[in-house]
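J.: 3D, please:
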Amino acid sequence: MLVLGSSSPRRLEILKQVGMRPDEVIAPNVDESIQKNEKPEKYVKRIALEKNLSIDRSKQDYILSADTIVVLGTKVLGKPVNIDQAKNHIERLSGRRHRVFSTVVVSHMGITRFKTVSTIVKFKQVSHEELNFYLSYDDWKGKAGGYAIQGLAARFVKQINGSYSNVMGLPVLETVNLLSGLGYKVF
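T.: As a prediction, the model looks like this:
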């Protein structure tokens with residue numbers, strides 16, 4: 001059985017788009033607070049691993065979990081808690097490059113494997129009118145960095161270097177490779 005340990009509807013959607021349908025979806029219960037002096041790459045890996053470990057299933061199951069973060073410099077721009085924070089995130093990203101990190105974790109039969117993927121995204125300079133239009137929709141809610149590349153914020157993306165699906169929340173190539181490497185039939 002394939003178990004997706006995620007509360008993200010986007011991860012489930014991405015898996016379905018590439019022909020993979022989890023048998024079960026379980027929302028992990030993990031404290032996603034950043035620890036003092038924790039580097040972004042270490043943070044995303046720790047959270048993805050904790051999500052995987054929090055899913056109590058049979059060892060025969062394939063447990064898939066992931067975490068995605070947006071990083072500007074060394075600062076993690078989390079999911080905005082309100083429209084003001086979303087506005088701040090987009091203003092900070094405007095006209096700049098940032099990184100999106102995802103760690104994917106797969107466990108099966110007591111073996112756990114993971115892969116961290118980094119993608120560079122460059123936003124165009126976002127005008128006040130564009131920002132207000134964007135914020136008038138709820139597309140920023142529940143999204144790392146306050147945006148979804150496949151949503152309204154696609155109009156802000158000037159350049160991407162790396163995995164598009166990573167920015168969406170689940171790097172497909174690496175996910176398929178991890179699953180097949182542990183014996184899951186991906187076809």
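J.: what about the residue nearest to residue 21 when sequence neighbours are not counted, distance to residue 178?
T.: In space, residue 21 comes closest to residue 15 once its chain neighbours are excluded; the distance is 7.0 Å by C-beta to C-beta, 6 or more residues apart in numbering. To be clear about C-beta, it is placed using only N, CA and C from the backbone, and glycine gets the same treatment. For residue 15, the distance to residue 178 (C-beta to C-beta, to the nearest Å) stands at 13 Å.
J.: repeat that for residue 138.
T.: Distance, residue 138 to residue 178, by C-beta to C-beta: 32 Å.
J.: ends of stretch 49-59, what's the gap?
T.: Between the start and the finish of stretch 49-59 there is a gap of 16 Å, counting by C-alpha to C-alpha, to the nearest Å.
J.: make that stretch 88-107, sorry
T.: From the first residue to the last, stretch 88-107 extends over 37 Å; the measure is C-alpha to C-alpha.
J.: then stretch 3-17?
T.: Using C-alpha to C-alpha, the span of stretch 3-17 from its first residue to its last is 17 Å.
J.: list the buried residues for that stretch?
T.: Along stretch 3-17, these residues count as buried under the neighbour rule (16 or more other C-beta atoms under 10 Å): 3-6, 8, 10-12, 14-15.
J.: can you pull out the helices in this structure?
T.: 9-17, 40-54, 83-93, 128-135, 164-168, 172-181 (DSSP state H).
J.: closest one to residue 111 among those?
T.: Comparing those by their distance to residue 111 (C-beta to C-beta), the top pick is helix 172-181, with 9.5 Å.
J.: separation between the residue of the chain most remote from its centre and residue 57?
T.: For the chain, the C-alpha lying farthest from the average C-alpha position belongs to residue 129; by C-alpha atoms, centre = their mean, that distance is 27.7 Å. Distance, residue 129 to residue 57, using C-beta to C-beta: 49 Å.
J.: one more: residue 152?
T.: Following C-beta to C-beta, the distance that separates residue 152 from residue 57 is 36 Å.
J.: now swap in residue 104 and tell me
T.: Counting by C-beta to C-beta, the gap from residue 104 to residue 57 is 17 Å.
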